Structures are given as C-alpha cells and as structure tokens.
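**Q** structure here, sequence nowhere to be found:
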C-alpha cells in the first residue's frame, strides 16, 4: 500500500532552520535518531539509524526523491520488510 503522509505544524523557528533539522546529519540526530547519513540532493541518501547495528532499525537504502531548500523534502522511506530485503 502506498501512502503519502502530509503533516503541518507551527514551529518557533525560521523555515531555514526547520528544514535543516530534517536535512543535516548533526541536527536530525539530536532529536529523531542516533545517527544519520543524509545527502540533501535529489536521489541522495536519507538514511536514519536508531541502533549501533546499522543493518537493523534503520532507513538504510532510502532516498530523497525531491528537494527544494527551505521549502520541500520528499523521501522514499521503506518499512520492514522493505523492497531492499528481497
């Protein structure tokens, strides 16, 4: 099943900083995951890791499908089991 998740919230920071909280490894790892390997370009990596063993509990293999700095971030995220496991 394919679902597109839309979420809208009001933050107490500017748009640039909010965008960086999702696209900079050192910032996203302060609030969402333990480690991150993000390449903020189209087709770049969007890999988040919640465990020291990076092969489990992660978004390894996920990619950015569209990006417009400070405006739009679209990612292809897999759930377990994912197509990369086949």
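**A** In hand now; what should we look at? Just so we're clear, the structure is a prediction, and the values are computed from it rather than from any experiment.
**Q** so what's residue 24 closest to, chain neighbours aside?
**A** Excluding the flanking residues, the one nearest residue 24 by CB to CB, 6 or more residues apart in numbering is residue 38, at 7.2 Å. All C-beta spots, glycine's among them, are computed from the backbone N, C-alpha and C.
**Q** wait, the one you found touches residue 49, no?
**A** No: the pair residue 38 / residue 49 is not scored as a contact, 11.1 Å apart, by CB atoms under 8 Å.
**Q** settle it for me: which of these two has more neighbours?
**A** residue 38 (22 against 19; other CB atoms under 10 Å).
**Q** quick one: low-confidence parts of the chain?
**A** 1-2, 79-86 (pLDDT under 70).
**Q** can you show me the strands along it?
**A** 35-38, 46-49, 63-68, 72-76 (DSSP state E).
**Q** can you redo those strands as TSV with distance to residue 10?
**A** Compiled in TSV, the strands of the chain are given as follows (distance: least, CB to CB, whole Å):
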stretch	distance to residue 10
strand 35-38	24
strand 46-49	24
strand 63-68	20
strand 72-76	18
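**Q** select, out of the ones you listed, the one closest to residue 6.
**A** Distance to residue 6, taken as CB to CB, is lowest for strand 72-76 among these, at 11.0 Å.
**Q** quick one: contacts for residue 62?
**A** By CB atoms under 8 Å, 6 or more residues apart in numbering, the residues touching residue 62 are 45, 46, 47, 48, 75, 76, 77, 78.
**Q** can you pick the most crowded of those residues?
**A** Neighbour max across these (other CB under 10 Å) = residue 46, 25 neighbours.
**Q** select the longest helix from the chain.
**A** For the chain, the helix that runs over the most residues, judged by DSSP state H, is helix 15-23.
**Q** show me what that helix is packed up against.
**A** helix 25-28, strand 72-76 (3 or more CB pairs under 8 Å, 6 or more residues apart in numbering; DSSP states H and E).
**Q** turn the ones you listed into a markdown table, including distance to residue 19.
**A** Shown next, in a markdown table, are these (distance: least, CB to CB, whole Å):
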| stretch | distance to residue 19 |
| --- | --- |
| helix 25-28 | 10 |
| strand 72-76 | 7 |
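**Q** before I go, just wanted to say thanks for your time.
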